[in-house]
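Participant: 3D, please:
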Amino acid sequence: MIKLIIADDHLIIRQGLRLILETEEEFEIIAEASDGAEAVSLCATHNPDVVLMDLRMPGMDGLTAIEKLRETQPEIAVIILTTFNEDDLMLRGLQAGARGYLLKDTERAALFDTIRAAARGETLLKPDIMARVLATAGSGQRTPEAESDISLTERELEVLEAVARGDRSKEVAVQLGISERTVKAHLGNIYSKFGVDSRAAAIAIAAQKGLLGKD
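Facilitator: A predicted model of the protein is given here:
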């Protein structure tokens, strides 16, 4: 059973998501929040597996809530869920620790798959989302992190590119002819170099540095 909290300031969105998610027995909606502060408080009380987090909410916004959860409960997987086509906020959310990004009009299958991946500790960015990450990163707008000179080894880059395609550690290991433990070690090195603790954050920063999508 995957325990979820839905954080959105629109009641109709929360109700709609509840109706969709409750069609799957593996999902349990344990609480709903109407702003970021309430989401953080409910997470402390209920300790969910996954939070569906709107970015734009009154009071504490979703981005701030993601940052606070990363500090206090980093084991909780956060998925950005929004109607807004705002790529800069998306990148900031992924760098802050979110493990996925979906628009609210996404298909049911994509919603379910992204939640399952996040609950497993994985990142699942659909090709259209990944394309937007790369496009935004190549727009010339650089963050301070993107300006720093951090290099990856050839093998680390191969692992990160595979992860950016949505491949699991086991699949990456088979592709590269190495052990799954070695894949995880490479990911750990990448996280350390980038100062992050999630695949999504590493992908976002690598995209901003122009390390992905070169082919």
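Participant: Please count neighbours and contacts with C-alpha atoms only from this point.
Facilitator: Fine.
Participant: Domain ranges for the protein, per the record?
Facilitator: The chain breaks down by automatic domain parsing into domains covering 2-124, 137-208.
Participant: So which of the ones you listed is the most surrounded?
Facilitator: Of the domains of the chain, the one with the most neighbours on average (mean count of other Cα atoms under 10 Å) is domain 2-124, at a mean of 19.
Participant: just how off-centre is that one within its chain?
Facilitator: Domain 2-124 has its C-alpha centroid displaced from the chain centroid by 9 Å (Cα atoms, centre = their mean, to the nearest Å).
Participant: Mean pLDDT added to the domains of the chain, as CSV?
Facilitator: Putting the domains of the chain into CSV (pLDDT from 0 to 100) gives the following:
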stretch, mean pLDDT
domain 2-124, 89
domain 137-208, 79
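Participant: Show me where the chain has its helices.
Facilitator: 11-21, 36-46, 62-72, 87-96, 108-119, 127-137, 144-147, 154-164, 169-176, 180-194, 199-208 (DSSP state H).
Participant: Which one of those helices lies nearest to Met1?
Facilitator: helix 108-119 (10.0 Å; Cα to Cα).
Participant: can you list the helices of the chain in CSV and add distance to Arg56?
Facilitator: What follows is those, written out as CSV (distance: least, Cα to Cα, whole Å):
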stretch, distance to Arg56
helix 11-21, 13
helix 36-46, 9
helix 62-72, 6
helix 87-96, 10
helix 108-119, 19
helix 127-137, 19
helix 144-147, 24
helix 154-164, 26
helix 169-176, 33
helix 180-194, 27
helix 199-208, 20
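Participant: Please pick out the residue of this structure most distant from its centre.
Facilitator: Computed with Cα atoms, centre = their mean, the residue of the chain farthest from its C-alpha average is Gly177, at 27.1 Å.
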